[in-house]
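**Student:** Provide a 3D model corresponding to the input given below.
(one chain, ligands or ions: 5)
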Amino acid sequence: MRASSLVDHCATSLVVVVLLTAAAAARTNNECHSGDKAALLAIKSAFGNASYFNSWTPDTPCCEWTSVSCSGDGSAAARRVVGVSLVDDASLAGPLPGAAIARLTALQQLVLNNVPGVNGTIPRDLTRLNATLGLLDIISTGISGPVPSFLSEITALSYLSLSSNKLTGPIPASLGDMPNLYFLDLGYNRLTGTIPPLLLRKASDAYLYLSHNKLTGGVPAEFAAVHFWTIDLSYNGFKGDASSLFGANKPLLNVDLSHNAFSFNLSGVQLPEGLNSLELSHNDIYGDIPEMVVDMMLNYLNVSYNRLSGVVPAGGNMAWFDQSCFQHNKGLCGSPLPPCKH
Ligand SMILES: *[C@@H]1O[C@H](CO)[C@@H](O)[C@H](O)[C@H]1NC(C)=O
Ligand SMILES: *[C@@H]1O[C@H](CO)[C@@H](O)[C@H](O)[C@H]1NC(C)=O
Ligand SMILES: *[C@@H]1O[C@H](CO)[C@@H](O)[C@H](O)[C@H]1NC(C)=O
Ligand SMILES: *[C@@H]1O[C@H](CO)[C@@H](O)[C@H](O)[C@H]1NC(C)=O
Ligand SMILES: *[C@@H]1O[C@H](CO)[C@@H](O)[C@H](O)[C@H]1NC(C)=O
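**Tutor:** Ligands and ions are numbered 1, 2, ... in the order given. Below is the predicted model of the structure:
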């Protein structure tokens with residue numbers, strides 16, 4: 001009884017697979033450009049034909065391989081490989097095969113995420129994709145060495161995340177030359193040195209994440225003119241005045257300056273009206289919390305562990321924030337902290 005139902009089930013699945021495959025073949029062509037297919041097989045071989053690539057077999061159409069995406073809908077004779085994403089696999093090991101990847105001459109998106117065995121440095125061959133590669137994610141890998149200066153040669157690049165690797169050395173100033181870059185995440189590495197002043201100056205909406213590094217120095221004066229939507233400088237060794245990031249008409253949504261040694265007077269700071277999240281804890285910020293916070297739609301506010309004084313403004317969203325958001329300041333008082341002494 002059990003055996004026969006198993007056979008039945010298998011037979012049904014087989015029919016369904018055959019029908020689906022026939023329908024797909026009639027409608028689309030899932031084979032990719034032959035050069036792209038050869039490049040993908042070279043990537044597979046460079047990783048020692050790891051089991052991750054089991055679906056990458058020469059006799060199947062490569063647009064159907066896992067982790068591969070192609071352009072077009074198959075009406076064109078040869079589809080191009082535009083995306084490769086290698087994710088969540090601890091058995092992928094060894095250096096990033098830059099030369100093989102660079103043979104994917106139409107590649108627009110390259111993603112490595114949570115592949116801790118991939119190691120070595122970021123290969124220069126990636127610059128051969130200068131005209132096409134718009135998104136590069138190398139996240140949670142074993143890759144070490146510098147953030148290479150040559151990445152700026154990839155002029156198509158608009159989105160670059162190199163977070164959670166073992167990168168060391170400075171942020172290259174050349175990243176400030178990139179014409180299309182608007183999203184830069186270098187968080188959770190071991191970077192040192194200061195922020196290059198011209199970073200993201202060309203972006204109409206800029207996202208910068210540098211948290212959890214060993215960066216020092218101040219916020220560049222040039223940042224006053226950058227259209228940041230998000231800036232996260234938390235957990236570094238930054239100091240000085242960061243108030244130029246703020247201002248009434250800025251598009252800022254999220255600011256995290258926590259766990260640094262920033263020191264400036266918060267009293268006179270004009271917070272942008274649309275600000276959603278403001279994390280300033282663990283710095284040397286002084287003055288008062290601006291009264292305008294009560295008129296804003298803040299969803300997160302934390303100013304704890306600073307040298308602020310005065311009364312915690314009451315009203316608006318302020319009731320959402322508990323005493324942990326205000327604790328450990330020099331002279332802050334009033335709800336949710338103990339009452340002020342008159
Ligand atoms: C991977 O498999 C291909 C095809 O079977 C073979 O030519 C190549 O040598 C293999 N590479 C490695 C590193 O095992
Ligand atoms: C990369 O990892 C392998 C082990 O998987 C190791 O033998 C090799 O030395 C590592 N290379 C670098 C540059 O860390
Ligand atoms: C890409 O690099 C090549 C070789 O350096 C150069 O000729 C070409 O103009 C570059 N293309 C773009 C879009 O930057
Ligand atoms: C902070 O700035 C306010 C005016 O915006 C000023 O009244 C106050 O004295 C300043 N505090 C310090 C400690 O400089
Ligand atoms: C505010 O920051 C402090 C210090 O980092 C932390 O202990 C507290 O939990 C934070 N409060 C909230 C609500 O996140």
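
**Student:** For residue 155, which residues are in contact?
**Tutor:** Residues in contact with residue 155 (CB atoms under 8 Å, 6 or more residues apart in numbering) are 130-131, 178-180. In this view, the C-beta of every residue, glycine as well, is placed from N, C-alpha and C.

**Student:** let me fix that: residue 163
**Tutor:** Residues in contact with residue 163 (CB under 8 Å, 6+ apart) are 139-140, 185-189, 209.

**Student:** And the pLDDT for it?
**Tutor:** pLDDT, residue 163: 98.

**Student:** quick one: secondary structure of it?
**Tutor:** Residue 163 falls in the coil class when you classify it by DSSP: H, G, I helix; E, B strand; the rest coil.

**Student:** Give me the distance between it and residue 208.
**Tutor:** Separation of residue 163 from residue 208 (CB to CB, to the nearest Å) stands at 12 Å.

**Student:** Between these two, which contacts overlap?
**Tutor:** Residues touching both residue 163 and residue 208 (CB under 8 Å, 6+ apart): residue 185.

**Student:** Select only the buried ones of the contacts of residue 163 in PyMOL?
**Tutor:** Buried residues among the contacts of residue 163 (16 or more other CB atoms under 10 Å), as a PyMOL selection:
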select buried, resi 139+140+185+186+187+188+189+209
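
**Student:** Relative to residue 156, which of the contacts of residue 163 is nearest.
**Tutor:** residue 185 (17.8 Å; CB to CB).

**Student:** if I read this right, that closest one contacts residue 162, doesn't it?
**Tutor:** Yes. Between residue 185 and residue 162 there is a contact at 7.0 Å, judged by CB atoms under 8 Å.

**Student:** What subset of the contacts of residue 155 is buried?
**Tutor:** The neighbour count (16+ other CB under 10 Å) marks residue 178 as buried among the contacts of residue 155.

**Student:** okay, residue 341: pLDDT?
**Tutor:** For residue 341, the model assigns a pLDDT of 84.

**Student:** Tell me who's in contact with it.
**Tutor:** Contacts of residue 341 by CB under 8 Å, 6+ apart are residue 333.

**Student:** Could you report the neighbour count for residue 69?
**Tutor:** 14 (other CB atoms under 10 Å).

**Student:** what about the residue nearest to it when sequence neighbours are not counted, distance to residue 117?
**Tutor:** The shortest distance from residue 69 to any non-neighbouring residue, by CB to CB, 6 or more residues apart in numbering, is to residue 83 (3.7 Å). Per CB to CB, residue 83 is found 22 Å from residue 117.

**Student:** Neighbour count for the two, which is higher?
**Tutor:** Set residue 83 next to residue 117 and count neighbours by other CB under 10 Å: residue 83 wins out with 17 against 14.

**Student:** Surely that one is in a strand?
**Tutor:** Yes. According to three-state DSSP, residue 83 belongs to a strand.

**Student:** OK, contacts around it?
**Tutor:** Applying CB under 8 Å, 6+ apart, the residues near residue 83 are 68-69, 107-111.

**Student:** 7 Å instead, please
**Tutor:** Contacts for residue 83 were tallied using CB atoms under 7 Å, 6 or more residues apart in numbering; they are 69, 108-109.

**Student:** Tell me what it is bridged to.
**Tutor:** Taking DSSP bridges as the rule, residue 83 bridges to residue 69, residue 109.

**Student:** if we can go back for a sec, now intersect the contacts of residue 163 with the helices, please.
**Tutor:** In helices, judged by DSSP state H, none of these are found.

**Student:** a markdown table for the contacts of residue 155, including pLDDT and secondary structure?
**Tutor:** Shown next, in a markdown table, are the contacts of residue 155 (pLDDT from 0 to 100; DSSP: H, G, I helix; E, B strand; the rest coil):
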| residue | pLDDT | secondary structure |
| --- | --- | --- |
| 130 | 98 | coil |
| 131 | 97 | coil |
| 178 | 97 | coil |
| 179 | 96 | coil |
| 180 | 97 | coil |
